[in-house]
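S.K.: The following block contains a protein sequence and its predicted model.
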Amino acid sequence: LNSDLMARNALQSVLRLSEEVAAALAARKPLVALESTIISHGMPYPQNLYTALEVENIIRQHDAVPATVALIDGRVHVGLNRDELEALASAKNVRKTSRRDMAAVLAGRGLGATTVSGTMVAAHAAGIPLFVTGGLGGVHRGATTSMDISADITELGRTPVGVVCAGVKSILDIGLTLEALETQGVSVVTYGRDTEFPAFFSPRSGFKSTDALPTPEACARLLQANLDLKLNSGIVFAVPVPEQHAYQAAEIEKHVQQALKDAEEARIAGKDVTPFVLSRVNTLSKGKSLETNIALVKNNAAIGAQIAVAHARLAAEQRTQYFAAATPKAAPEQPRVAVVGGVVLDTTARLLQPLEMCTTNYGRVSQALGGVGRNIAECLHRLGAQPLLFSCIGSDPFGTVISSTLESIGMDTSQLTRLTGERTAAYTAVLGTEGDLEFAVGDMDVFVKLNAQYIESIASQLDGVSFICVDGNVTVEGLRTLTARARDRRIPVWMDTTSTTKAHRALDSMVLPNLTCVSPNLPEMQSIAERVLGQQWRLETVDDVRACVSQVSLALRRRHGTVPYFHVKMGPLGVLAQRLPGLKQLPDGATSSNSAEWVHFPITRPGQPPLQVVSVTGAGDSFCGGMVAAILRNHPFSECVRAGLVAARHSLRSHSPVGHTLTPACIDINRLDDPAPGQAGW
C-alpha cells in the first residue's frame with residue numbers, strides 16, 4: 001500500500017488537469033475517465049474525432065464530467081480541449097501508451113494515446129475511480145505459445161479503478177481472458193439482469209460473469225465497496241452492446257479468423273496486432289463493425305456516466321453519515337414513501353394577440369416541471385416526507401433541466417433513470433389572449449419504458465418503503481408487477497388515475513385488488529363508471545358523485561371480491577373521501593374497503609370567502625401529496641383529508657403546480673381545525 005501511494009504521488013507531479021476536470025474534482029462532482037487509443041488507433045479520421053466529441057457530450061448530458069487522458073509535451077493530461085483531441089485524431093506519430101510506455105513517452109515529450117492500462121494509471125493518480133472504454137484487452141489467441149497477454153489484465157489486478165466496457169474484444173481468447181482476470185482477483189460483472197458476458201461486437205460470448213448488476217446504483221455500491229476494502233484491484237463492468245447495433249457472432253468470427261491469418265502472414269506482432277485486426281475486420285465487414293464499435297462506445301459512455309453519478313451520490317452520503325455518526329438523532333425517522341410515475345417539462349405560450357397560422361405569433365412563454373408523479377413527489381418533499389421519485393427521462397437537455405431543477409429545491413434525483421436515445425416527456429400548450437387553450441402538443445413516448453422490466457429493476461429499492469404512490473403513466477404490465485410485489489410485502493399503494501384515457505389501467509383485474517386507494521377527478525370518475533357500469537353519469541352535484549362511486553364500488557366488489565378506497569377530486573366541490581384506517585393498520589391487511597362511508601369535504605371551510613384561484617394545474621396532485629404526507633404521520637382520517645386540501649389550496653393560489661409556500665408546518669395536526677358539530681369535513 002505504501003509503495004502504491006508513493007507511485008501515485010510521484011505521478012501526480014506530472015499530471016495536468018483541465019480546468020473542467022480540476023473544478024469537478026474540487027466540487028466532488030462525478031467524473032468519467034476516457035482512453036485516447038480509441039481515438040488514435042481505433043477508428044479512422046475524422047470519425048474518431050466526431051466519436052470522441054460525441055462520447056464526451058453524452059457524459060455531460062448525464063451530469064458527469066469527461067476526462068480524456070493523453071500524454072502531451074512531457075505531461076499526463078487528464079481532460080483535453082478540442083485542439084488536443086484534434087491532434088490525437090489526425091496525427092500520424094501517436095504512440096500507443098500503456099503503463100510500460102509512459103516513462104519513455106514523457107521523457108521524449110512525445111504524443112501518447114493511453115490504452116486501458118495507461119488510462120487506469122492516470123485516472124487513479126487523479127482520483128477518478130471510473131473509466132469508460134470500448135473493449136478490454138486480454139489474452140490473445142495462441143497466447144500459449146506467443147505469451148501475448150495485454151497489460152490491461154495485470155493493471156486491473158493492481159489498480160482500483162472500475163472499467164466500463166463492452167466485454168473483451170472478440171478477436172481475443174475470451175475464456176482465457178476471464179481465467180486470467182480471476183487469477184488477478186478482478187471482479188467481473190455484467191450490467192443487466194443476465195450474467196452472460198458480452199463479446200464486444202456481440203452481446204453474448206457463451207461465457208459467464210461472476211455476477212449481474214441491473215442498475216447504476218448497484219454498480220456504484222460495488223465500486224465503493226471495492227474502494228473501502230482497499231483491495232487495490234479493479235472491476236470490470238461489462239455492458240452488452242444494444243441488440244439493434246449488435247453484429248452476428250458467426251459472421252464476425254469469420255472476419256476475425258481471416259484478419260488474424262492476414263496479421264500472421266504480414267508478421268504483425270505485439271501491440272500492433274489489435275489495431276491491425278480491428279482495421280481488417282472493418283474492411284471485411286464493409287464498415288459494419290465500425291458502426292457497431294461506435295454505437296457500443298456511446299452506450300458505454302451513457303452507462304458509465306450514470307454509474308459515476310450514482311457513485312458520487314453514494315460517496316457524499318457516506319461522508320454525511322461519517323460526520324453525523326457522533327450526533328444522536330433527535331427523533332425517529334418517519335416512514336419513506338416512493339412515487340413512481342411521470343416527469344414532464346411543461347411549456348406554456350400565451351398569445352398577446354389573436355392566433356395567426358403560418359407565421360410568428362408574439363406572446364409570453366414560460367416553463368415549469370410537471371407530471372402527476374413528479375407533482376406528488378414535490379408536494380411530499382415540501383411537506384417533509386423525503387420521497388423517492390422513480391421515473392424515466394431522456395438523455396437530452398430537457399432531462400438535464402429537470403434533474404437540476406429538482407436538485408435545486410433539495411429533492412433526491414438518484415432514482416431518475418436517464419435513457420440514452422430517448423426524449424424526456426414534454427408538453428407544450430398554446431393559450432389564447434384570454435388564457436383559453438388554442439392547441440397543445442404532447443411528447444410522452446418515454447413513459448412506455450415505465451413497464452414491468454423497469455419495475456423489476458427498481459424492486460429492491462421499493463421494498464424498503466412504507467407507502468407507494470403511482471400514477472397512470474405506468475403501463476398496465478408495470479402496474480401489475482408493482483402492485484403484486486407491494487401486496488406480498490404489505491405495502492399500501494395509492495394510485496392517481498392521471499387522465500380519462502389512462503384511468504382504466506386501475507381497473508385491470510390483476511391491478512385493482514392490490515390497490516389501497518384510487519384518486520380520480522370527475523372526468524376520470526365518469527370514464528371509470530362508463531367502463532364498469534356501461535352507462536354515462538352526470539356528475540354535477542356531490543350526491544351525483546356519491547351515487548356513482550357507490551355503484552362502481554359495488555360492481556367492482558362483486559367482480560373482484562375487494563376494491564380500493566375511492567377519494568374523488570371534485571374541483572370546486574371539494575373532495576368526496578372514503579373513510580380509511582391510519583397507516584399503521586394498512587399494511588396489516590386493510591387494503592380494501594368494505595363499507596360505503598364517503599365523507600364530503602368542501603374546498604374551504606364553511607363561512608370562508610371563495611378561494612382566489614390563480615391556476616388549477618397540479619391542485620389534484622397536491623391533494624394526493626398532502627393526504628399521503630399526513631397518512632405517513634399517522635394522522636386520523638379527517639386530518640389526512642384536510643391536509644390534502646391544505647396542499648391543494650396552496651397550489652390553487654400559485655402559478656406553479658405545487659405551491660412553493662408549502663412547509664411541513666402546514667399539515668401539523670394542531671393547525672388542522674376540527675369540524676363544527678354536525679358538519680362533514682370542515
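M.R.: On my side now, so go ahead. Bear in mind that the values here come from a model prediction, so they are computed numbers and not experimental data.
S.K.: Kindly list the main-chain dihedrals of Ile235?
M.R.: The phi and psi torsions at Ile235 (degrees, to the nearest 10) take the values phi -130, psi 140.
S.K.: Kindly apply the preceding question to Val470 instead.
M.R.: Backbone torsions of Val470, given as degrees, to the nearest 10, read phi -140, psi 150.
S.K.: Tell me who's in contact with Val658.
M.R.: With contact set as CB atoms under 8 Å, 6 or more residues apart in numbering, Val658 has these partners: 375, 378-379, 382, 618, 621-622, 625, 647, 650-651. Any C-beta I mention is one placed from the backbone N, CA and C, and that applies to glycine too.
S.K.: Do you know the pLDDT at it?
M.R.: Val658 is assigned 93 on the pLDDT scale.
S.K.: And the contacts of Val658, which is closest to Leu231?
M.R.: Nearest to Leu231 among the contacts of Val658: Glu378, at 41.3 Å, using CB to CB.
S.K.: residues in contact with the spatially closest residue to Arg649 that is not a sequence neighbour?
M.R.: In space, and not counting its chain neighbours, Arg649 is closest to Leu611: 6.2 Å by CB to CB, 6 or more residues apart in numbering. With contact set as CB under 8 Å, 6+ apart, Leu611 has these partners: 603-604, 649, 652-653.
S.K.: Surely Ala91 and Ser40 touch.
M.R.: Yes: contact criterion CB atoms under 8 Å: Ala91 and Ser40 qualify, at 7.3 Å.
S.K.: Looking at those two, which one has more neighbours?
M.R.: Shown here are Ala91 and Ser40; by other CB atoms under 10 Å, Ser40 has more neighbours (28 against 12).
S.K.: Could you pull out the helices in the stretch 551-682 of the chain for me?
M.R.: For the stretch 551-682 of the chain, the helices defined by DSSP state H, counting those that start in this stretch occupy 619-632, 637-652.
S.K.: Show the average pLDDT along the shortest one.
M.R.: Spelled out, that is helix 619-632. pLDDT averaged over helix 619-632 gives 93.
S.K.: Which member of the contacts of Leu611 is positioned nearest Thr347?
M.R.: When those are ranked by distance to Thr347 (CB to CB), Leu652 comes first, at 21.5 Å.
S.K.: so who does that closest one touch?
M.R.: Residues in contact with Leu652, defined by CB under 8 Å, 6+ apart, are 611, 613-616, 619.
S.K.: cool, and Asp396?
M.R.: Neighbouring residues of Asp396 by CB under 8 Å, 6+ apart: 61, 422-424.
S.K.: Where neighbours are concerned, which of those residues has the most?
M.R.: That'd be Thr424 among these, by other CB under 10 Å, with 25 neighbours.
S.K.: Go ahead and confirm that residue touches Gly394.
M.R.: Yes: between Thr424 and Gly394 there is a contact under CB under 8 Å: 4.0 Å.
S.K.: Could you name every residue contacting both of those two?
M.R.: Going by CB under 8 Å, 6+ apart, residues that sit against Thr424 and also against Gly394 are Val446.
S.K.: Put the buried members of the contacts of Val658 into a PyMOL selection.
M.R.: Buried members of those, defined by 16 or more other CB atoms under 10 Å, are picked up in PyMOL with:
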select buried, resi 375+378+379+382+618+621+622+625+647+650+651
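S.K.: Pipe the contacts of Val658 into CSV and attach distance to Val309 per row.
M.R.: Shown next, in CSV, are the contacts of Val658 (distance: CB to CB, whole Å):
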residue, distance to Val309
Asn375, 24
Glu378, 21
Cys379, 25
Arg382, 24
Gly618, 28
Asp621, 27
Ser622, 29
Gly625, 26
Ala647, 31
His650, 32
Ser651, 31
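S.K.: can you pull the buried residues of stretch 505-518?
M.R.: In terms of neighbour count (16+ other CB under 10 Å), stretch 505-518 has its buried residues at 505-508, 511-518.
S.K.: Report the distance from that stretch to the chain centre.
M.R.: In terms of CA atoms, centre = their mean, to the nearest Å, the centre of stretch 505-518 is found 26 Å from the chain centre.
S.K.: what's the first-to-last distance across that stretch?
M.R.: With CA to CA, to the nearest Å as the measure, stretch 505-518 spans 11 Å from end to end.
S.K.: what does it contact?
M.R.: 472, 474-476, 479-480, 483-484, 486-487, 492-495, 497, 528, 531-532, 556, 559-567, 580, 586, 591-592.
S.K.: again, only this time at 6 Å
M.R.: Residues outside stretch 505-518 that contact it (CB atoms under 6 Å, 6 or more residues apart in numbering) are 472, 476, 479-480, 483, 487, 492-495, 497, 560, 562, 564-566, 591.
S.K.: before we move on, the earlier item: narrow the contacts of Leu652 to just the buried residues.
M.R.: Taking 16+ other CB under 10 Å as the criterion, what is buried in the contacts of Leu652 is 615, 619.
S.K.: I'd like the contacts of Leu652 as a markdown table, with distance to Val55 appended.
M.R.: As requested, those are exported to a markdown table (distance: CB to CB, whole Å):
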| residue | distance to Val55 |
| --- | --- |
| Leu611 | 52 |
| Val613 | 49 |
| Val614 | 45 |
| Ser615 | 42 |
| Val616 | 45 |
| Ala619 | 44 |
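S.K.: Pick out the most distant pair among the contacts of Leu652.
M.R.: Spatially, the most separated pair among these is Leu611 and Ser615, at 11.9 Å (CB to CB).
S.K.: all helices of the stretch 151-300 of the chain, in order?
M.R.: Per DSSP H, counting those that start in this stretch, the stretch 151-300 of the chain carries helices over the ranges 151-156, 174-183, 216-229, 249-265, 273-284, 288-324.
S.K.: Show me the one of the ones you listed that comes nearest Phe467.
M.R.: Per CB to CB, nearest to Phe467 of the helices of the stretch 151-300 of the chain: helix 216-229, 20.9 Å.
S.K.: What's the end-to-end length of stretch 456-467?
M.R.: So stretch 456-467: terminal residues 17 Å apart, CA to CA.
S.K.: got it, and stretch 177-195?
M.R.: OK, stretch 177-195 end separation, CA to CA: 16 Å.
S.K.: Double-check Gly341 against Gly373; I have them as touching.
M.R.: Yes: judged on CB atoms under 6 Å, Gly341 makes contact with Gly373 at a distance of 2.2 Å.
S.K.: Mutual contacts of those two, please.
M.R.: With CB under 6 Å, 6+ apart, Gly341 and Gly373 have common neighbours Asp471.
S.K.: before we move on, back to that, please narrow the contacts of Asp396 to those residing in helices.
M.R.: Those of these mapping onto helices are Gln61, per DSSP state H.
S.K.: Turn the contacts of Asp396 into CSV, columns for distance to Glu265.
M.R.: What follows is these, written out as CSV (distance: CB to CB, whole Å):
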residue, distance to Glu265
Gln61, 44
Glu422, 46
Arg423, 49
Thr424, 52
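S.K.: where along the stretch 551-682 of the chain do the strands fall?
M.R.: All strands of the stretch 551-682 of the chain, identified by DSSP state E, counting those that start in this stretch, fall at 565-569, 575-578, 598-601.
S.K.: Repeat that for the stretch 51-200 of the chain.
M.R.: Here the stretch 51-200 of the chain has its strands, by DSSP E, counting those that start in this stretch, at 65-72, 75-78, 95-97, 112-114, 130-132, 162-165, 187-191.
S.K.: now the stretch 301-450 of the chain
M.R.: Counting by DSSP E, counting those that start in this stretch, the stretch 301-450 of the chain has strands at residues 337-340, 344-351, 363-370, 388-394, 416-419, 426-431, 437-443.
S.K.: Alright, I will stop here.
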